[in-house]
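>>> here is a sequence with its predicted model. Questions after.
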Amino acid sequence: AQSVTQLGSHVSVSEGALVLLRCNYSSSVPPYLFWYVQYPNQGLQLLLKYTSAATLVKGINGFEAEFKKSETSFHLTKPSAHMSDAAEYFCAVAGGGNKLTFGTGTQLKVEL
Amino acid sequence: NAGVTQTPKFRVLKTGQSMTLLCAQDMNHEYMYWYRQDPGMGLRLIHYSVGEGTTAKGEVPDGYNVSRLKKQNFLLGLESAAPSQTSVYFCASSSTAGRNEQFFGPGTRLTVL
């Protein structure tokens, strides 16, 4: 079975500051991991995914995530936050049959 | 190329009424999914389909039925709506098994009074 824990349901950063959104996973098989972003009143859009190639994964909009097997983590980072990054972010782990198990989400607020 | 589309965008039902949500994808994907999103609970899988004519239960299937008569369409039905089914419903599709990316529709906001 797979599960995902996202620490912090709400994160607030200043514009230009580092963004760090935390995700820890549990998986009975080598995991595929995903980060999705959801802007208000929209569907989910893929930011990046880890599929066992490189442990540091680069995504869209300047985001990246590092897979750390020893820590069972897949934290999402961006060096400098922009107002347009304000959204909800979901971490997900892939299980059998191409099903995804999602975390409960982290709402990112970017302040001037 | 529209991707994944959902109909309707909004709906208000009274308790006990029925309705069908339609999901369509034009990417020739084999897999399709229905999720519900509730505050603080992330997305939970209701039902999914691994191909035309097949469906399977997800994490929260009670009170819902689905059909996949055509490869490009996946229907979600509520036979007798309850207030607990007030939620935002998302459809998604993906190309093959092997844990590929899922593509999401814009969602349907359903309120059951």
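Okay, I see it.
>>> and the residue nearest the centre of chain B, what does it touch?
Nearest to the geometric centre of chain B sits residue B:34, at 2.8 Å (CA atoms, centre = their mean). Residues near residue B:34 by CB atoms under 8 Å, 6 or more residues apart in numbering or on different chains: B:21, B:23, B:45-48, B:58, B:64, B:66, B:74, B:76, B:89-91. Glycine gets a C-beta too; all of them are placed from N, C-alpha and C.
>>> same check, this time on residue A:13
A:19, A:81, A:108-111.
>>> one more: residue A:5?
Counted by CB under 8 Å, 6+ apart, residue A:5 has contacts A:23-25, A:103.
>>> repeat the analysis, applying 6 Å as the threshold.
Going by CB atoms under 6 Å, 6 or more residues apart in numbering or on different chains, residue A:5 touches residue A:24.
>>> ok, residue A:71 next?
Taking CB under 6 Å, 6+ apart as the definition, residue A:71 has no contacts.
>>> check which helix or strand the residue sitting nearest the centre point of chain A maps to.
For chain A, the residue nearest the mean C-alpha position is residue A:35 (3.6 Å; CA atoms, centre = their mean). Per DSSP states H and E: residue A:35 is located in strand A:33-38.
>>> tell me where the chain has strands.
Picking chain A for this. All strands of chain A, identified by DSSP state E, fall at A:3-5, A:10-14, A:19-21, A:24-26, A:33-38, A:44-50, A:56-58, A:64-68, A:73-78, A:87-94, A:100-102, A:106-111.
>>> look at chain B instead
Using DSSP E, strands in chain B cover B:4-7, B:10-13, B:19-25, B:31-37, B:43-49, B:56-57, B:65-67, B:73-78, B:87-94, B:103-104, B:108-112.
>>> cheers, nothing more for now.
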